[in-house]
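> Model the structure of this input:
(one chain, ligands or ions: 1)
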Amino acid sequence: MTDDTGDPAAGDDDSAVEAEPVSDDSTAPDDGPTDVPLDRFHEALEAEERPVATASEVARRLGTTQAAARDALADLVERGDVDRLDVESDPVVFYPSDWGALASRERVVAFPSRREIVVDRPTQFTRARLSQFAYLVDTTGTEPGTRGYLYRIRQEDVWAAPFEDADALIASLRAVLPRRADHLEEWIRDQWRRAHRFRLYTHEDGYVVLEAANESLLGNVAESHLEDGQLRAPISETEAWVNEDAVAGVKRALYDAGYPVEDDRDLETGDPVAIDLTTDLRDYQETWVETFLESRSGVYVGPPGSGKTVAAIATIAAVGGETLILVPSRELAEQWREELLAHSTVDPADVGLYHGGTKDVRPVTIATYQIAGMDRHRSLFDSREWGLICFDEAHHVTAPVYSRTAELQSKHRLGLSATPVRETGSEEEIYTLIGQPIGADWDALFEAGFVQEPEVEIRYVPWREELARNEYASADGRERRRLAAENPAKVAEVRYLLAAHRGKQALVFVEYLDHGEAIADAIGAPFISGETPHRDRAELFRRFREDDDDLDALVVSRVGDEGIDLPNAELAVVASGLGGSRRQGSQRAGRTMRPAGSALVYVLATRGTSEEEFAQRQMRHLARKGVRVRETNVAE
Ligand SMILES: Nc1ncnc2c1ncn2[C@@H]1O[C@H](COP(=O)(O)OP(=O)(O)OP(=O)(O)O)[C@@H](O)[C@H]1O
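Numbers count the residues shown, from 1 in each chain. Have a look, this model is predicted:
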């Protein structure tokens, strides 16, 4: 799969700063060193951009005579570090005995004026560093170890960078870049300054104060961007008393003006609730929780299955106050309850569910966004002293819930999302109303084996029936899209794939009901759609999860898409539904991104239709995350 952002290295930006191919060429050619360290030989190869080099190439790159290079190479060969290859009629070439060493060397190229950094074969250390102050735009290349990574530093990345001060951030930047980039450093310092110009804190008399770094900021910036009534009265030249109801509005307005506000208010912890974690956190989960506790708000961003729910339970235990958890569906509410009981000591009697089926408010209450957004259920928010509000699948927060969240600024706020905040389209709301993203590098999670990296294959399915093909050709618009989605040849393809992976737990996703029924009939599996009663859905998901039950395939319409925890799914076939968003694409793949079992995702697209492009676009999103994507043409 190819990328679509282009390769900046091929661009015409003459401001590129690149690592010197060969470090020491300060001396004119002389007899040179006969003792060439292996590193220098690697550098020569890199400069040649070839895996092998002749003695004269090495001499040129090292600035020595050919004779000296030949001697040095002979030494390296003797030591076993380098091998030589005699090719008839060609000069002898040399290559490192340890090819792996060559493949793992990273190269960093910076484009300071674009604030972009490209890294070839980055080490985990470099990636971890970069992920603190830059965001990964794209990865190119499909084989691990040969990937190029494109990072960009945006203002919000600097604002949210987890450093004590700008110097620490700059030190980290310098550790990654091959050379100083003064202009970029200056820009970063400026952004850092902006993010530390305004602060909210709680006055000892209990009210909220907005503090500006100087008098003119409070006068010019705050007053020109804030609405009447948001500030009650000045209390000094640099401080003003903030109307309690206007906290969210003030944060949002200043964020929009380019001045994110530091929020140091005392937050409510709520009435205490006895809950301890019983599962050991992984290192990265511990970091998430610590970062959250420092800022008392934030959004855990990690791939499906990376342990966000467990980290959230740890957070609930750490805050120790009554908690309201908001989720997108009833199924997820039930699942949350089970996870809470599985990973903590919470008393089952302290956990309540609040949704269309039951309305039970307890010290830890799990409610759906739908109910929480309804006016007549407003009381949910103030019926108890909540200390923490947790927003699961935070990209799903609805407008009415957001407006209520604005009123909940005095509580700890935690969001969970598998979709990077920047792609949700509600970045400002999430940032200002919930908190800043607290993230992990996806690749690092895959590499550490915490999340199984799925293998994705797009299969282009032909039309096998003349009738269907003709119907498609004469249709238009939505109808055309539906016909491509329902290509009858896909039914046989699903059957073939399931037979090819007999014994694996399989999920088949569909968009249209008729199509779902046809596939369910063909493979003899139940079909879960919006029409399936909640009780039956829950029962089928439970049976699918049970090891000893014989239910090993489910056909699922859109309802099955979000966050349903089916850890044992080993195979996913996306039979239709390609018109959806990228998010949907990654969520479907995510259903199989689980720690256990091999993970395979097949995406079916009817050949010669717009489905081809949809499939490619959706999967490109995953490819950017470093997931391998293959393409196959199914025979006519
Ligand atoms: N620290 C841990 N130790 C052992 N198992 C863990 C740990 N953290 C998570 N898990 C297990 O990994 C699986 C996925 O975890 P979890 O449900 O928290 O992920 P998630 O990121 O919330 O997923 P989703 O985005 O799909 O909701 C679960 O089966 C969970 O029990």
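
> What are the phi and psi values at Leu45?
phi -60, psi -40 (degrees, to the nearest 10).

> how far away is the residue in the stretch 351-500 of the chain positioned nearest to the ligand from Val494?
Nearest residue of the stretch 351-500 of the chain to the ligand, counting by Cβ to the nearest ligand atom: Ala418, 4.6 Å away. For glycine as for every other residue, the C-beta is placed from the backbone atoms N, C-alpha and C. Relative to Val494, Ala418 is positioned 26 Å away (Cβ to Cβ, to the nearest Å).

> before we move on, what about Ser474?
Noted for Ser474: a distance of 26 Å to Val494, by Cβ to Cβ.

> between those two, who's got more neighbours?
When Ser474 and Val494 are compared for neighbours, Val494 comes out ahead with 25 against 9, by other Cβ atoms under 10 Å.

> contacting residues for that one?
Taking Cβ atoms under 8 Å, 6 or more residues apart in numbering as the contact definition, Val494 lies against 508, 519, 522-523, 573, 575, 604.

> Of these, which belong to strands?
By the criterion of DSSP state E, membership of the contacts of Val494 in strands covers 508, 573, 604.

> quick one: the last one and Arg459 touch, right?
What that stands for is Leu604. Yes. Using Cβ atoms under 8 Å, Leu604 is in contact with Arg459, at 5.5 Å.

> Now list whatever residues contact both of the two.
Residues touching both Leu604 and Arg459 (Cβ under 8 Å, 6+ apart) are Glu493.

> Same drill for the two, tell me which one is more crowded.
Neighbours were counted for Leu604 and for Arg459 using other Cβ under 10 Å; Leu604 has more, 26 against 20.

> Next one: the more buried one from Asp514, what distance?
From Leu604 across to Asp514, the span is 16 Å (Cβ to Cβ).

> now Val491
Val491 is 11 Å from Asp514, by Cβ to Cβ.

> neighbour-wise, which of these two wins?
Val491 (19 against 10).

> Enumerate the positions of stretch 527-547 that are buried.
Going by neighbour count (16 or more other Cβ atoms under 10 Å), the buried part of stretch 527-547 is 527-529, 532, 537-538, 540-541, 544-545.

> Please flag which of these sit within helices.
Using DSSP state H, the members of these that fall in helices are 537-538, 540-541, 544-545.

> Tell me how many other residues crowd Val261.
For Val261, the tally of surrounding residues (other Cβ under 10 Å) stands at 22.

> Please verify my assumption that it contacts Tyr201.
No. Val261 is beyond contact range of Tyr201, at 10.5 Å (criterion: Cβ under 8 Å).

> now the contacts of Val494: which count as buried?
Those of the contacts of Val494 that meet the buried threshold are 508, 519, 522-523, 573, 575, 604, by 16+ other Cβ under 10 Å.

> In TSV: those, plus distance to Asp280 and pLDDT.
As requested, the buried ones among the contacts of Val494 are exported to TSV (distance: Cβ to Cβ, whole Å; pLDDT from 0 to 100):
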residue	distance to Asp280	pLDDT
Val508	36	90
Ile519	41	95
Ala522	45	91
Ile523	40	92
Val573	35	88
Ala575	39	89
Leu604	41	91
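
> So which of the residues you listed is the closest to Glu116?
Closest approach to Glu116 among those (Cβ to Cβ): Leu604, at 35.9 Å.

> In contact with that closest one, which residues?
Going by Cβ under 8 Å, 6+ apart, Leu604 touches 459, 461, 490, 493-494, 573-576.

> Show me which residues of the stretch 401-550 of the chain sit near the ligand.
Within the stretch 401-550 of the chain, the positions adjacent to the ligand are Ala418 by Cβ under 6 Å from any ligand atom.

> can you check the stretch 251-400 of the chain too?
By the rule Cβ under 6 Å from any ligand atom, the part of the stretch 251-400 of the chain lying against the ligand is 279-282, 285, 302, 304-310.

> Need the worst-confidence member of those.
Among those, Pro304 carries the weakest pLDDT, at 71.

> Now do it against Arg543, distance only.
Applying Cβ to Cβ to Pro304 and Arg543 gives a distance of 21 Å.

> ditto for Gly258
53 Å.

> do the same with Leu62
68 Å.

> Check His225 too.
56 Å.

> Contacts only, for Ala212.
Contacts of Ala212 (Cβ under 8 Å, 6+ apart): 197-198, 218, 221-222, 238-239.

> among the residues you listed, who's most crowded?
Phe198 (24 neighbours).

> Identify the residues contacting the residue found closest to it once you drop the neighbours it is linked to in the chain.
Using Cβ to Cβ, 6 or more residues apart in numbering and skipping the chain neighbours, the partner closest in space to Phe198 is Val261 (4.6 Å). For Val261, the contact set (Cβ under 8 Å, 6+ apart) comprises 198-200, 210, 250-251, 254-255.

> how near is Val261 to the ligand?
To the ligand, Val261 is 29 Å away according to Cβ to the nearest ligand atom, to the nearest Å.

> And Glu227, by the same measure?
37 Å.

> same deal with Pro122?
Taking Cβ to the nearest ligand atom, one finds Pro122 at 24 Å from the ligand.

> Please renumber the chain so that the first residue is 19 from this point on.
Happy to do that; since the first residue is 19 now, the last one works out to Pro140.

> Can you list the residue ranges for helices in the stretch 319-468 of the chain?
326-337, 348-361, 387-390, 397-400, 417-425, 445-447, 460-465 (DSSP state H, counting those that start in this stretch).

> what's the most buried one of these?
Comparing the helices of the stretch 319-468 of the chain by mean neighbour count (mean count of other Cβ atoms under 10 Å), helix 326-337 comes out on top with a mean of 24.

> From the contact counts, what lies against it?
The helices and strands touching helix 326-337, judged by 3 or more Cβ pairs under 8 Å, 6 or more residues apart in numbering; DSSP states H and E, are helix 301-313, strand 315-319, helix 348-361, strand 406-409, strand 430-435.

> Out of those, which gets nearest to Glu654?
Short answer: helix 348-361, nearest of the helices and strands packed on helix 326-337 by Cβ to Cβ, at 40.4 Å.

> Send me that closest one as CSV with only the CA atoms.
C-alpha atoms of helix 348-361 as CSV (Å, rounded to 0.1, in the frame of the first residue of the first chain):
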residue,chain,number,x,y,z
ARG,A,348,-25.9,-0.7,26.6
GLU,A,349,-23.7,-3.6,25.6
LEU,A,350,-20.7,-1.6,26.6
ALA,A,351,-22.3,-0.6,29.8
GLU,A,352,-22.7,-4.2,30.8
GLN,A,353,-19.2,-4.9,29.7
TRP,A,354,-17.8,-2.1,31.8
ARG,A,355,-19.5,-3.5,34.8
GLU,A,356,-17.9,-6.9,34.3
GLU,A,357,-14.5,-5.3,33.7
LEU,A,358,-14.8,-3.3,36.9
LEU,A,359,-15.7,-6.4,38.9
ALA,A,360,-12.9,-8.4,37.2
HIS,A,361,-10.1,-5.9,37.8
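
> what's the angle from that helix to helix 326-337?
Angular relation of helix 348-361 and helix 326-337 on a 0 to 180 degree scale: 60 degrees, by axes from the mean of the first three to the mean of the last three Cα atoms, to 10 degrees.

> quick one: helix 348-361 to chain centroid distance?
23 Å (Cα atoms, centre = their mean, to the nearest Å).

> How about stretch 563-572?
Centroid separation between stretch 563-572 and its chain, computed with Cα atoms, centre = their mean, is 30 Å.

> tell me the mean pLDDT for it?
Stretch 563-572 comes out with an average pLDDT of 81.

> in that stretch, what's buried?
Buried positions in stretch 563-572, judged by neighbour count with 16+ other Cβ under 10 Å: 563, 570-572.

> Please identify which pair of those residues lies farthest apart.
Taking Cβ to Cβ, no two of the buried residues of stretch 563-572 sit farther apart than Arg563 and Ala571, at 13.3 Å.
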